[in-house]
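[1] Got a sequence here, can you build the structure:
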Amino acid sequence: MKRILMSLVVSAALVPAAALACDGDMKAEANIKKVTIAELAKDKQARVFDANDPSFRVKHGTIPGAVLLTSSSSYDVKELGTDKNASLVFYCANTMCSASEGAAKRAVEAGFTNVAVLPDGLTGWKKAGQKTAPVKPNS
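    Numbers count the residues shown, from 1 in each chain. Model (predicted):
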């Protein structure tokens with residue numbers, strides 16, 4: 001019983017620090033919209049960014065026309081273009097993958113104002129019958 005109480009006290013003491021540490025993340029996430037596959041398929045203005053790793057792309061392809069980010073977490077923001085108001089949509093593998101959210105957060109922190117993620121990712125895109133483009137190794 002003493003061990004359980006001690007765990008609760010330690011956990012409670014860490015909550016405020018964790019909440020403060022996440023403050024910036026929460027602000028960035030508030031500026032990130034979610035789009036559906038149907039919405040993205042109709043949107044001809046959005047710039048689409050693939051946050052998957054190269055081996056996943058080679059095996060599963062990409063959304064046609066997507067920009068292949070060099071890294072989901074540390075890409076050069078120059079990869080996004082210069083128009084801070086452009087519609088940017090990031091995707092990764094599926095709803096269990098968080099690479100697209102990390103890439104989108106980086107865009108918001110860089111000052112982009114119209115940022116979204118496609119939560120269903122490439123897996124959902126394919127399941128919905130949308131076309132994909134192949135990727136060659138080392139692309």
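
[2] ok, now how distant is the residue nearest the centre of the chain from residue 137?
    Nearest residue to the geometric centre of the chain (C-alpha atoms, centre = their mean): residue 100, 1.4 Å. Distance, residue 100 to residue 137, by C-beta to C-beta, to the nearest Å: 23 Å. All C-beta spots, glycine's among them, are computed from the backbone N, C-alpha and C.

[3] What of residue 52?
    For residue 52 relative to residue 137 (C-beta to C-beta), the value is 14 Å.

[4] looking just at contacts, which helices and strands does whatever helix or strand residue 55 lives in meet?
    Using DSSP states H and E, residue 55 sits within helix 54-60. Under the contact definition 3 or more C-beta pairs under 8 Å, 6 or more residues apart in numbering; DSSP states H and E, helix 54-60 sits against helix 121-127.

[5] Look up which residues are beta-bridged to residue 114.
    In this structure, residue 114 bridges to residue 87 when assessed by DSSP bridges.

[6] Okay, it and residue 57: tell me how far apart.
    In terms of C-beta to C-beta, residue 114 sits 25 Å off from residue 57.

[7] So between those two, which is more surrounded?
    Ranked by neighbour count (other C-beta atoms under 10 Å), residue 114 and residue 57 place residue 57 first, with 21 against 18.

[8] So the residue nearest to the more buried one when sequence neighbours are not counted: helix, strand or coil?
    Once flanking residues are discounted, residue 57 sits nearest to residue 135: 4.2 Å by C-beta to C-beta, 6 or more residues apart in numbering. Secondary structure assignment for residue 135 (DSSP: H, G, I helix; E, B strand; the rest coil): coil.
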